[in-house]
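>>> fold the following and give me the result.
(2 chains)
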Amino acid sequence: METHCLKRPTRRQFLSSVAFTILAGGAAPVMARSISGRLPWEARSADPPVQVKPGGWLFFTLEEAQTMEAVADRLVPADDLSLGGKDAGCVLYLDRQLVGSYGTSSRLYTKGPFMPGLPTQGYQASDTPAQRYRAGIAALNAFTRETKGGKRFAELAPADQDAVLKDLEAGKITLPNKVDAKSFFNLMLANVMEGFFADPIYGGNKDMASWKMLGFPGARYDYRDHVSKHNQPYPLPPVSIAGSTEWMTR
Amino acid sequence: MTTILPRKDAVIVGLGWTGAILAHELTEAGLDVVAIERGPWRDTATDFNIGYAQDELRYGIRRDLFLQPVVEAMTMRNNTSQTALPMRDYGSFLPGNGVGGAGVHWNGHTWRFWDSDFQIADHLRDRYGAARIQDLQLQNWGVTGAEMEKSFDRLEYLAGISGKAGNINGLIQEGGNPFEDPRSRDYPLPPLQMTYAPTLFAQVTKSLNLHPFPTPAANLSKDYINPLGIAMGQCTMCGFCERFGCANYSKSSAQTTILPVLMKKKNFEVRTESEVLHVDLDASKKHARGVTYVNTSGEEFFQPADIVLLCAYGLHNVRLMMLSGIGQIYDPNTGEGTVGRNYCYQTNAGAQVFFDDKNFNPFVAAGALGQTVDDFNGDAFDHGPLDFVGGAGINCIPSNGRPIQTRPTPPGTPRWGSDWKKATVKSYKSTLGFSSQGSSYPTRGNYLDLDPTYTDRFGRPLLRFTFDFPDNDIRMSNWVSDRMEEIAKAFGGKQYTNTRRKKGWDSVPYQSTHNTGGAIMGTDPKTSAVNKYLQSWDVANVFVIGASAFAHNAGKNPTGTVGALAFHAADAIRQQYLRNPGQPLVSA
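So this is what the prediction gives:
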């Protein structure tokens, strides 16, 4: 017999509950409950992802967004294999991630004391990804303004942008305000690649461009017909969690 | 204020694989059992929903199903000269959370440890002499392989393991693992249908006179009804296994093999979103009164119980013992104390072969769909002329083609730009990877204790790791990497890589969630925390069940042995302990 069983609170209920925010860890916290005598199941209690929609920046300023679009287009350049990082939506993806639990490190251990660690101990600073982007983009543009004739990163020619990114990657550039060039580059690289290869539902990988490029079929979930067809190309195009463009046009 | 609840016969901390097995067994014996689970309730239809389970970002990268560091972090250092700092995000290993535990998002490799593991100290001393293992803190587990066979069999039939026996009652079986201990019968299901890469791996390793066989898998090769009457479905090789819940009821877990029966019992209850703070002992410190826990609303409860079963992840079991004052915390300087002793990990390395003319379709995959070679594992080979003990399984188990994480490129490829993209597209389908999963043997200096500085959200000290790969294990891994290089060359690809394990355990890149030891089983209360039935030597009505009991780690995934130990302990409680409750099953 169920002694008490409360439904999952909505996001708003959750945010308004102080007691919850002290203790809750995950993105979709649930109430403590007692279950006995039955296998519980409730209709409509699943927690599907919400489709990211373009339109306005929630985290970035316009200048920041332009900078990141320029970066994304150099990390994932447009060529005959795929569209570029900007058109693929990598910055839209990133913008939405930075206003969520990822951007605020709300799932991580953020208690002090903060001390410099060894490489084997991982990231030890107190800055969240959102704070690192805010400071990192400003530092990057300050650097190019200073050294590239007053231009912002986005205003440089692609070859010059590549050169700056290579120097960031190698740690050859000293950015202002103590921004660690190498570590900021690695953060941007990891996040742009996430956006490019994640399900399009998160705002990047427009029209499953990266999956088509690789031949990854996405969310298909059943390959029993193809297991024994060794060394033969898989015949079907990819599908996203949200479905496929072919389905929608029918 | 703490609310005191009505007494239960048994309280179980954590409802994953071991908690569910123990709960089922003890409720069958008529006990009134409550399980207290820190994470949420999880069921297949709701939480591993087929409409969106295949979401790499959410489950693979942001790790929605895992324990979040804000809930509990741990600190680490490589040796006592360093200051441990918190792993602010989990990386090297990823503990589970919620009903089903790490058994929800495992890959499903289901091994039996060997008799030469359970009796490792005697076995190696007899074969190679005491000097060979003097730098290691190797200990017998207190059980034999023959003694454990029945429990392994029960776990494999409960879970519907797909595989091929190599040794049935002493008779070597063609196509199975010739190095395994005798088993009483074959696996309940035949091996999974092989994809291309492991098929090629089997051909190549056979040509080198090795003995490849299908990796025993908790991904089901056929529909199956287990001994509890619970039906499971055939694996669809979707390629979303490790880090994901299975939406097909095709990967064995508490959800797919036990809970549908357990949850309907009137003498079982689970309380979710409720974290046990500590086990409460009486004044003698030799008897547990129950556990204290707090729920998500911040309410604190005392749950009295006659038996306390710690069935959380092994590391959490160890920390709970330390926080509760069960036994003495290990001190590496004196070698005294047992809780935290013999922490071990896994010593892995990997190789990749790049081809021009092959298409492996890496996305057609299951977590444990592959081939293994055990010729260089454990003590399957003569270490006489060598300078190490232990070994590694060599596995070709391509588990996925999920593109955020799985994008192999040949060495020298840039990480971005047009050349990166060309190389990525070229290598995505045409690269074959295989890896060694090596043993991890205990040393005096590798251990767990409580951190002096960092605390959790309730102000309790975090668990502290002091760990690095022992020299013996590095020599072992390098020697196995030499063998892998021979295999890699024999593939005849365009190019290969062979990445070797180095000292300096790094907590950032993912390696393995096979953390073992810290509350090890054994024959001597001075050097083990629990006896051969996983009963605390110090507090006789506490049992500590999980990989925390491993006296060392073998070159194998731990879950099969963890599950078998759960059945082994359950039998001891049902058949012996309940006759004389509160008494030690082994006299110290």
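>>> going forward, measure contacts between C-alpha atoms and count neighbours the same way
OK.
>>> and for B:Ile520, the neighbour number?
When neighbours are defined as other CA atoms under 10 Å in any protein chain shown, B:Ile520 has 32 of them.
>>> also the one 10 residues further on?
For B:Val530, the count of nearby residues is 31 (other CA under 10 Å).
>>> so it sits right up against B:Ala551, yeah?
No. B:Val530 lies out of contact with B:Ala551 (CA atoms under 8 Å); the separation is 10.5 Å.
>>> mutual contacts of those two, please.
The overlap between the contact sets of B:Val530 and B:Ala551 (CA atoms under 8 Å, 6 or more residues apart in numbering or on different chains) consists of B:520-522.
>>> who's in contact with residue 87?
You didn't say which chain, so I picked chain A. A:Lys206.
>>> meant chain B actually
A:109, A:121-122, B:69, B:73-76, B:507.
>>> which of these fall within helices?
Members of these lying in helices (criterion: DSSP state H): none.
>>> put the alpha carbons of stretch B:518-535 into CSV.
Extracted in CSV, the C-alpha atoms of stretch B:518-535 (Å, rounded to 0.1, in the frame of the first residue of the first chain):
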residue,chain,number,x,y,z
GLY,B,518,37.6,-0.8,1.5
ALA,B,519,35.4,-3.3,3.4
ILE,B,520,37.0,-6.5,2.4
MET,B,521,36.0,-10.0,3.2
GLY,B,522,38.5,-12.4,4.7
THR,B,523,39.5,-14.9,7.3
ASP,B,524,41.1,-12.6,9.8
PRO,B,525,39.4,-9.7,11.6
LYS,B,526,42.7,-7.9,11.8
THR,B,527,43.0,-7.7,8.0
SER,B,528,39.4,-7.8,6.8
ALA,B,529,36.2,-5.8,7.7
VAL,B,530,33.7,-8.6,7.0
ASN,B,531,33.8,-12.4,7.2
LYS,B,532,33.3,-14.8,4.4
TYR,B,533,29.5,-14.2,4.6
LEU,B,534,30.0,-10.4,4.4
GLN,B,535,29.0,-10.0,8.0
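>>> hmm, back to that, from the shared contacts of B:Val530 and B:Ala551, which is closest to B:Leu31?
Minimum distance to B:Leu31 across the shared contacts of B:Val530 and B:Ala551 is 25.2 Å, recorded for B:Met521 (CA to CA).
>>> burial count for that closest one?
31.
>>> what of B:Leu585?
20.
>>> burial of residue 80, as a residue count?
Unless you meant another one, I'm taking chain A. Using other CA under 10 Å, A:Asp80 has 9 neighbouring residues.
>>> try again with chain B
Using other CA under 10 Å, B:Thr80 has 13 neighbouring residues.
>>> where does it land in three-state SS?
Judged by DSSP: H, G, I helix; E, B strand; the rest coil, the three-state class of B:Thr80 is coil.
>>> so how far is chain A from it?
Distance, B:Thr80 to chain A, using CA to the nearest CA, to the nearest Å: 14 Å.
>>> burial of the closest residue in space to that residue that isn't next to it in sequence, as a residue count?
Nearest residue to B:Thr80, sequence neighbours excluded (CA to CA, 6 or more residues apart in numbering or on different chains): B:Thr466, at 6.8 Å. By the criterion of other CA under 10 Å, B:Thr466 has 21 neighbours.
>>> ok, B:Thr466 - contacts?
Residues near B:Thr466 by CA under 8 Å, 6+ apart: B:76-80, B:84, B:445-448.
>>> chain center to the helix or strand encompassing B:Ala349: distance?
Using DSSP states H and E, B:Ala349 sits within strand B:347-354. Its chain's C-alpha centre and that of strand B:347-354 lie 21 Å apart, by CA atoms, centre = their mean, to the nearest Å.
>>> next SSE downstream of that strand?
From strand B:347-354 onward toward the C-terminus, using DSSP H and E, the following helix or strand is strand B:371-373.
>>> helices or strands up against that following strand?
Strand B:371-373 is packed against helix B:196-207, strand B:212-214, strand B:392-396, with contacts defined by 3 or more CA pairs under 8 Å, 6 or more residues apart in numbering or on different chains; DSSP states H and E.
>>> buried sites along that strand?
B:371-373 (16 or more other CA atoms under 10 Å in any protein chain shown).
>>> and it, what's its mean pLDDT?
Average pLDDT, strand B:371-373: 98.
>>> mind checking how far that strand is from the chain centre?
For strand B:371-373, the distance to the chain centre is 19 Å (CA atoms, centre = their mean).
>>> would you agree B:His278 falls within a helix?
No. Looking at B:His278 with three-state DSSP, it is strand, so not inside a helix.
>>> how about the closest residue in space to it that isn't next to it in sequence, what does it touch?
In this structure, B:His278 finds its nearest non-sequential neighbour in B:Ser324, 5.1 Å apart by CA to CA, 6+ apart. The contact partners of B:Ser324, taken as CA under 8 Å, 6+ apart, are B:278-281.
>>> ok, of those residues, which one's closest to chain A?
Proximity of the contacts of B:Ser324 to chain A (CA to the nearest CA) peaks at B:His278, which lies at 17.3 Å.
>>> in contact with the closest one, which residues?
Listed by CA under 8 Å, 6+ apart, the contact set of B:His278 reads B:291-293, B:320-321, B:323-324.
>>> strands - which of those land there?
The members of the contacts of B:His278 that map onto strands under DSSP state E are B:291-293.
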